[in-house]
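S.K.: just need the structure, nothing else, for what follows:
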Amino acid sequence: MAVLSISNAHLAFGHVPLLDGASFSLEMGERVGLIGRNGTGKSSLLKVLAQIEKLDDGLLQLQQGLTSVYVPQEPLLRPEATIFDVVSEGVAEAKALRERYEIHDPNDDLEWVGERIEHIGGWTWEQRVDETLQRLGLDGSRLVGSLSGGLKKRVALGRALVAQPDVLLLDEPTNHLDLDAITWLEGLLNDFKGSLLLITHDRAFLDNVANRIVELDRGQLRGYPGNFAAFTAAKAYELENEALFNARFDKLLAQEEVWIRKGVEARRTRSVARIQRLEAMRLAHAARRDVQGKAKLDIDTGAASGKIVAELENVSKSYGDRVIVRDFTATILRGDKVGLVGSNGAGKTTLLKMILGELAPDSGEVRQGSRLTVAYFDQMRDTLNLDATLADTISPGSEWIEIGTQKKHVKSYLGDFLFSPARANSPVKSLSGGERNRLLLARLFARPANVLVLDEPTNDLDIETLELLEELLADYDGTVFLVSHDRRFLDNVVTSTIVNEGDGRWREYEGGVQDWLIQSKRAAALAAKSAPAAAPAPAPVAAAAPAPVVANKKKLSYKEQRELDELPAKVAALEAEQKQLHALLGGTELYSQGAARIAEVTDRAAQIDDELLGLMERWEVLEAK
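M.R.: Alright, predicted model coming up:
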């Protein structure tokens, strides 16, 4: 049963329609991920469903008595208020009605007020707020103005959840959240009993939360059952068929155009029906909205740096009593792609500045490599002049730009990043968040650099541009430092991950986030297994017994020695199979092979984890002998 729906919806800003006769319905209990290119109108659609904006034409229908809450990308919160007060805004009706009831105004309909309070659970609104704050891990007495971006997003989510709405509308809920907070949010939304419609470009988040994907593409809304992985396979097949149909259509149209232009003799025998069909084909071709081209990204690497980019030995850094980095040692080589993972405020930026020589450690030694040329991507977009034009942002004072040995006109270069020539002289402030990120990437890649520092580059970028950026960074010859909470993006780009493990301790793991999680889980299991059990209290004895003779270690039997010799090959074979299965799960081909095959691969991947853990435990037992 649909709780809300739109039909034949039309909405336009300027000459391009965002919704062009689109239809959509949200069923009870559904968790729908809304995706699409930057600027296609996803946020506008969410505002229409939240009744903040209106359609130009079409019908919006809501179930009677439906309650919905909309959480925007950048929620407006009162900085001078406490967290408790802001979250309490979600139960504003309950607060107002209870105050009205407690006044005991004889002219008021107190019976109706009491019934309404009972209906919305208003007698215990303070308890609801306290429970919500506890679930979100928030201190209700803190001022909102002192919070980080991630905590402010939690407060906004708390304000929405305490209202206990039937429908939750979320616009980029994972922005500014760290990995732990994103995992927490996944659990929270999966436990949510109402219907959910969210905009996000975090593919792993979509896979774990959504049970249907809806794509806003060229003014139309198309639904795909399942999570993002299932959508990817279905969409690829759909686009292939669309391209084939359009190619056949265009070929037929070209043939008919040749026919209509034939000489006088041919015109005498022309079929009226054929002419009418040609006119209809011309109209259909003019009205067709083709797939928008992809961004074309290219980086000018410049001169290569030295082989060693940075060496850190027992580096430590503190601010007051707080230790940010404690005894960290690492070597970064040319071509390494390093991800930095940690909670908000853990000190990722501090560690990065020490690696690049911009901040001196309190103790330890940092040695810089030679010929380093560093380019930065700033997540806060503070480096953009909002009043400057797009062209001046890319190439101030010149119409041309040089990328390596290639010279390009600035309008052509902006076109590679999906900015039309007409927008080259538009101010930066006219761009959306995703478009500003794309502009920052355009400026970053226009400058020669052999070290790229990307601080949350994935925020607001659409999925297609994200995938293209992944390919570009994978092929980049220089060194990359990547701060991101997008698990899929990190897994597809980085060669190693530096992780904050608390108390200022950082550790480098080979591979991406999934590799780190597997390695850390395996290490924790081995540590727990090898930890000695608590020894029982010794029983009192009458007289001191002579000390027992310690037996020498037993030698391994032939069978055990052979088993120990074969273990490394078995572990290597399992890890190779595991890598192959993860590649299958991360790709699209698997999801076109049916549910049985998907389940088989998923089960085998989980089984390998258990087998590896068993082999590692057996290895340890045999070596201990």
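
S.K.: what about stretch 413-422, start to end distance?
M.R.: Using Cα to Cα, to the nearest Å, the gap from the first to the last residue of stretch 413-422 comes to 13 Å.

S.K.: which residues touch the residue nearest to Gln220 when sequence neighbours are not counted?
M.R.: Once flanking residues are discounted, Gln220 sits nearest to Ala22: 5.4 Å by Cβ to Cβ, 6 or more residues apart in numbering. For the C-beta atoms, the positions are set from N, CA and C on the backbone; glycine is no exception. When the contact criterion is Cβ atoms under 8 Å, 6 or more residues apart in numbering, the partners of Ala22 are 6, 8-10, 58, 216, 219-221.

S.K.: same thing but 6 Å
M.R.: 9, 220-221 (Cβ atoms under 6 Å, 6 or more residues apart in numbering).

S.K.: and Val86, how far from Pro75?
M.R.: Relative to Pro75, Val86 is positioned 9 Å away (criterion: Cβ to Cβ, to the nearest Å).

S.K.: now swap in Leu431 and tell me
M.R.: As judged by Cβ to Cβ, Leu431 and Pro75 stand 21 Å apart.

S.K.: tell me the pLDDT at Ile103?
M.R.: Confidence at Ile103, expressed as pLDDT, is 78.

S.K.: burial measure for Leu356, as a count.
M.R.: Residues within reach of Leu356, counting by other Cβ atoms under 10 Å, total 19.

S.K.: next, it: phi, psi?
M.R.: phi -90, psi 0 (degrees, to the nearest 10).

S.K.: let's see the pLDDT reported for the residue lying closest to it once chain neighbours are set aside.
M.R.: Counting by Cβ to Cβ, 6+ apart, Leu356 lies nearest to Val374, which is 6.2 Å off, once chain neighbours are set aside. The predicted local confidence for Val374 comes out at a pLDDT of 85.

S.K.: same question for Ala234.
M.R.: Ala234 carries a pLDDT value of 75.

S.K.: ok, it touching Tyr224?
M.R.: Yes: the pair Ala234 and Tyr224 passes the contact test of Cβ atoms under 6 Å, sitting 5.2 Å apart.

S.K.: and Ala446, how far is that from Trp400?
M.R.: Summarising the geometry, the distance separating Ala446 from Trp400, computed by Cβ to Cβ, is 11 Å.

S.K.: next: Trp619.
M.R.: Remark: distance between Trp619 and Trp400 (Cβ to Cβ) = 62 Å.

S.K.: more neighbours, those two?
M.R.: Summary of the neighbour comparison: Trp619 and Trp400, criterion other Cβ under 10 Å, with Trp619 having more neighbours (17 against 11).

S.K.: what helix or strand is the more buried one on?
M.R.: Take DSSP states H and E as the rule and Trp619 turns out to sit in helix 595-624.

S.K.: and that helix, what does it pack against?
M.R.: helix 558-586 (3 or more Cβ pairs under 6 Å, 6 or more residues apart in numbering; DSSP states H and E).

S.K.: off-centre distance for the helix it packs on?
M.R.: Taking Cα atoms, centre = their mean, to the nearest Å, the mean C-alpha location of helix 558-586 is offset from the chain mean by 32 Å.

S.K.: ok, stretch 406-413 next?
M.R.: Taking Cα atoms, centre = their mean, one finds the center of stretch 406-413 at 31 Å from the center of the full chain.

S.K.: stretch 190-198 too?
M.R.: The chain centroid and the centroid of stretch 190-198 are separated by 18 Å, computed with Cα atoms, centre = their mean.

S.K.: same check on stretch 114-127?
M.R.: So, by Cα atoms, centre = their mean, the centroid of stretch 114-127 is 37 Å from its chain's centroid.

S.K.: just to revisit the earlier point, which of Leu431 and Pro75 has more neighbours?
M.R.: Set side by side, Leu431 and Pro75 give different neighbour counts by other Cβ under 10 Å, the larger being at Leu431 (21 against 16).

S.K.: ok, and the closest non-adjacent residue to that one?
M.R.: The spatial neighbour of Leu431 that comes closest, neighbours along the chain excluded (Cβ to Cβ, 6+ apart), is Leu439 at 6.4 Å.

S.K.: count of residues packed around Val113?
M.R.: Val113: 19 neighbours (other Cβ under 10 Å).

S.K.: what about it, helix or strand, and which?
M.R.: Here Val113 sits within helix 110-119, counting by DSSP H and E.

S.K.: just list what the helix or strand following that helix packs against, helices and strands only.
M.R.: For helix 110-119, the following helix or strand on the C-terminal side (DSSP H and E) is helix 125-136. Other elements packing on helix 125-136 under the criterion 3+ Cβ pairs under 6 Å, 6+ apart are helix 149-161.

S.K.: list the helices and strands the helix it packs on packs on?
M.R.: Judged by 3+ Cβ pairs under 6 Å, 6+ apart, the packing partners of helix 149-161 are strand 68-71, helix 83-88, helix 125-136.

S.K.: which ones are touching the residue nearest the centre of the chain?
M.R.: What sits nearest the mean C-alpha location of the chain, by Cα atoms, centre = their mean, is Asp202, with 2.4 Å. Shown here is Asp202, whose contacts under the criterion Cβ under 6 Å, 6+ apart are 174, 486.

S.K.: try 10 Å
M.R.: By Cβ atoms under 10 Å, 6 or more residues apart in numbering, the contact list for Asp202 reads 33, 172-175, 177, 182, 186, 208-209, 228, 458-459, 463, 466, 485-489.

S.K.: most tightly surrounded among the helices and strands packed on helix 149-161?
M.R.: Ranked by mean neighbour count, the helices and strands packed on helix 149-161 are led by helix 83-88 with a mean of 22 (mean count of other Cβ atoms under 10 Å).

S.K.: average pLDDT for it?
M.R.: Helix 83-88 comes out with an average pLDDT of 90.

S.K.: which strands or helices does the very next helix or strand once past that helix pack on?
M.R.: Tracing the chain past helix 83-88, the next element assigned as helix or strand by DSSP H and E is helix 92-103. Packed against helix 92-103, as judged by 3 or more Cβ pairs under 10 Å, 6 or more residues apart in numbering; DSSP states H and E, are the following elements: helix 110-119, helix 125-136.

S.K.: which residues sit against helix 92-103?
M.R.: The contact list for helix 92-103 (Cβ under 10 Å, 6+ apart) reads 67, 88-89, 91, 108-110, 112-114, 116-117, 119-126, 128-129, 159, 162-163.

S.K.: repeat the analysis, applying 8 Å as the threshold.
M.R.: Helix 92-103 has contacts (Cβ under 8 Å, 6+ apart) with 88, 108, 110, 113-114, 116-117, 120-123, 125.

S.K.: what is the least confident helix or strand in this protein?
M.R.: Each helix and strand of the chain was given a mean pLDDT (mean pLDDT, DSSP states H and E); the minimum falls on helix 264-268 at a mean of 49.

S.K.: any idea how far Ala330 is from Val155?
M.R.: When distance is defined by Cβ to Cβ, Ala330 is 36 Å away from Val155.
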